[in-house]
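[1] Following is a predicted model, sequence given first.
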Amino acid sequence: MSGEVWVVSAVLAAACLPLAGWLWKRSGREGRLALAGSAGAFLALAVFAAGAYQRHVEAEAATPESRPIEVRGDGYVSSRACMACHPDQYSSWHDSYHRTMTQAASPESILAPFDGRTVTETYHYRLERRGEEFWAVSDDPNWAPRSERRVVLVSGYHHHQIYWFETGEGRALGRLPFFYRIEEQRFAPFQAVFLAKDLPTDFSLGAKWNSACIRCHATDPRPGFGDFTHLDTKVAEFGIACESCHGPGAEHIAKNRNPLRRYLLHFSDSGDESIVNPRRLSAPRAMDVCAFCHSVHVFRDIPTALDFSEHGPSFRPGQDIRDFWHIVHAGDSTSPIVQGNLKRDPHWLEDRFWPDGVVNVVGREYNAVAASPCYRGGNFGCISCHELHQRKSDTRSRKEWANQQLGPGMDGDEACLQCHKEMRGAVEAHTHHAVASPGSRCQDCHMPYTSWGLLKASRTHQIGSPDVASTLSTGRMNACNLCHMDQTLAWTAEKLTAWYGIAAPELPDPADREVAAGLLHALRGDAGERAIAAWNMGRQPVRETSGSDWMLPVLAQLLLDPYEAVRHAAYGALRRIPGFEDVRFDYLAPEDARRATQQEVLARWRSLARPTPRGDATRVLLDARGELDAARFAALLAMRDDRRVFRGE
């Protein structure tokens, strides 16, 4: 066996020697016989594990030169070296979606049906499985002189997957021009998975995995651009693994081969300086670990970018992220790299921020948290709510935990009450809603669903309070009207003034005083506003608060939206309304097919015995009988904001 394998075996054996000696002294003859048998079984297990590891090493050594490979270096030893001493942490990480950010193509990692079917996206791509390999055969002229490519890497395992093929140009990868949507079990073109009508050129063509995706989809990424004529891309490990958060582990393993040191550390509160534990860092430094991926950033400067292109990041967990990344904010004009991005694409900042600087996309939560008042105390950060390893006492399933990696109770009020203890007995006085109602949920008011990505709305991580002025200046729906979608902005302004003394802004547009805010955003807002409004109509608390009957004509109209993401959100909300669960709709279908579904929904809505409209029905464009005011509906639709919208996930 190799030296690396003997190290694994030695660590396993050394970990158990002190305990074995103690048991031997305290055992009788029968106990010692049982202990000897157990030792034999353990030895067999260690040999098996070492052999499996050896096979992994040999297989890795035989990896072809046509794709990025896993090669340890820079002190990185891979998660497999952590498994023996940290089995619980390894297990929860292994079941997380961080691990599957990138995987080598295999029958276990590829979820799409490579069964001979053809996917058409400008050109035709026939997907085939050949034994343990996956291939795409295409008439794409850019593939000449060969018509087939082997798929060698896959990104994603949670919401959708992207497939990367070998190009024949060193380790450089190409990308199949479509996603596989996992929940829907279907292929979708790139644009249909983003909130976009026309993707930016550099985005739609796609930077190679080797230069862009590698940054956040692999551990210790080393693009290996060299002289830019031959890519020699290597990583310590595909996916986000142990050392992405804890730093290189070689020193930690070397120092902890001494069992006495390990046991002394176990009973010490000082921690182990040979490895980074984010929970022992200050909140800002712990957040910097997450910020390496979960931020809007560019390289600090050109030399940093050039160094990364060959050697990978100089940043290590525990360091200040600003020594590596320039963290971008709205209106940023200090970074020459941001200036260069804006020169190539004038929309680059607005694709990532609302006009007031609040982040508008998912996956960039660092910028939002760092701009929140909670962060300013120096004790609040990502791991105040998120747990990267599931604790043993957590009664949720592993899949439930892995979905958002939140600690127990952190998806509810406890996330806020752990710090704001004074609110525990004063919720109703603060919220002016019944304690058990959605209006008393901390996160729904202070972290509403106004960010977009992965074809859904997500909670903003910029913690704030609702106000109407921000809605008027940015188009971002406020928390009050995201729940009370059937109420006007004027109604919300009046409540906020009465309850919290927030000055009501002027509302020169009569519609803001006469028409429900949710309806206005859905009909005349831009694509970002329409998507968020439609998606929130699918939330049960929203339908219970606002009613859903008036939503049906709106959602039916959004099935025809020019943006695929808006159509997807509208259909998702529509099928959650009782009586419409069985509606069948393809958000990628031609317009005539989508229009037929729209008419079906409207006909079914008109045929139902509808409830008496709540309050003044005119604000949701219904008359006293519940019939649609078609003229006003059409007038608002004609005012739809059709400007270009893209969310730069």
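    Arrived safely. Residues are numbered from 1 along each chain as shown.
[2] use CA for all of it now, contacts and neighbours both
    Noted.
[3] Could you confirm residue 520 falls within a helix?
    Yes - secondary structure assignment (DSSP: H, G, I helix; E, B strand; the rest coil) places residue 520 inside a helix.
[4] Contact partners for it?
    511, 636 (CA atoms under 8 Å, 6 or more residues apart in numbering).
[5] measure it to residue 510 for me?
    12 Å (CA to CA, to the nearest Å).
[6] Pretty sure residue 462 is one of the things residue 371 touches, is it not?
    Yes - the criterion here is CA atoms under 8 Å, and residue 371 meets it with residue 462 at 6.3 Å.
[7] between those two, who's got more neighbours?
    Between residue 371 and residue 462, residue 462 has the larger neighbour count (other CA atoms under 10 Å), namely 22 against 19.
[8] Grab the nearest non-local neighbour of that one.
    Distances taken as CA to CA, 6 or more residues apart in numbering put residue 368 closest to residue 462, at 4.2 Å, once the chain neighbours are dropped.
[9] I'd guessed the one you found sits against residue 464; true?
    No - contact between residue 368 and residue 464 fails when scored by CA under 8 Å: they sit 10.2 Å apart.
[10] which one of those two has more residues nearby?
    Neighbours per residue, other CA under 10 Å: of residue 368 and residue 464, the larger number sits with residue 368, 20 against 17.
[11] can you tell me how far that one sits from residue 288?
    13 Å.
[12] what does residue 415 give?
    Residue 415 is 21 Å from residue 288, by CA to CA.
[13] With residue 273 instead?
    Taken as CA to CA, the span from residue 273 to residue 288 is 18 Å.
[14] more crowded one of the two?
    A count of neighbours by other CA under 10 Å puts residue 288 above the other of residue 273 and residue 288, at 26 against 9.
[15] So, low pLDDT: which residues of the stretch 201-350 of the chain?
    201-207, 228 (pLDDT under 70).
[16] What segments of it are helices?
    Per DSSP state H, counting those that start in this stretch, the stretch 201-350 of the chain carries helices over the ranges 201-205, 214-217, 242-246, 250-255, 259-266, 283-291, 302-311, 336-344.
[17] and if you look at the stretch 351-500 of the chain?
    With DSSP H, counting those that start in this stretch as the criterion, the stretch 351-500 of the chain has helices at 365-370, 398-404, 414-417, 427-431, 442-446, 468-474, 479-483, 489-500.
[18] Dump stretch 371-383 to PDB, keeping only the CA atoms.
    Provided in PDB are the C-alpha atoms of stretch 371-383 (Å, rounded to 0.1, in the frame of the first residue of the first chain):
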ATOM      1  CA  ALA A 371     -25.400  45.600   5.600                       C
ATOM      2  CA  SER A 372     -27.900  44.600   8.400                       C
ATOM      3  CA  PRO A 373     -28.100  46.400  11.800                       C
ATOM      4  CA  CYS A 374     -27.700  43.000  13.600                       C
ATOM      5  CA  TYR A 375     -24.200  42.600  12.100                       C
ATOM      6  CA  ARG A 376     -23.000  45.900  13.600                       C
ATOM      7  CA  GLY A 377     -22.700  44.500  17.100                       C
ATOM      8  CA  GLY A 378     -19.900  42.200  16.000                       C
ATOM      9  CA  ASN A 379     -21.500  39.000  17.300                       C
ATOM     10  CA  PHE A 380     -24.000  38.100  14.600                       C
ATOM     11  CA  GLY A 381     -23.200  36.200  11.400                       C
ATOM     12  CA  CYS A 382     -24.100  33.300   9.200                       C
ATOM     13  CA  ILE A 383     -23.600  30.600  11.900                       C
END
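[19] List the buried residues for it?
    For stretch 371-383, a neighbour-count test (16 or more other CA atoms under 10 Å) marks 371, 374-375, 380-383 as buried.
[20] what ranges of this protein fall below the confidence cut-off?
    1-64, 200-207, 228, 611-615.
[21] what sits against the spatially most central residue of it?
    The centre of the chain sits closest to residue 363, judged by CA atoms, centre = their mean, with a distance of 5.0 Å. By CA under 8 Å, 6+ apart, the residues touching residue 363 are 293-295, 453, 649.
[22] Equivalent analysis for residue 453, please.
    Going by CA under 8 Å, 6+ apart, residue 453 touches 194-195, 361-363, 647, 649.
[23] of all those residues, which two lie farthest apart?
    195 and 363 (14.5 Å; CA to CA).
[24] what separates stretch 178-185 from the chain centre, distance-wise?
    16 Å (CA atoms, centre = their mean, to the nearest Å).
[25] Report the separation between the two terminal residues of that stretch.
    Termini of stretch 178-185 sit 13 Å apart (CA to CA).
[26] Residues contacting that stretch, please?
    With contacts defined as CA under 8 Å, 6+ apart, stretch 178-185 is touched by 111-112, 121, 157-163, 186-190, 193.
[27] Of those, which belong to helices?
    190, 193 (DSSP state H).
[28] which one of the contacts of stretch 178-185 is nearest residue 421?
    Nearest to residue 421 among those, with distances taken as CA to CA, is residue 158, at 35.0 Å.
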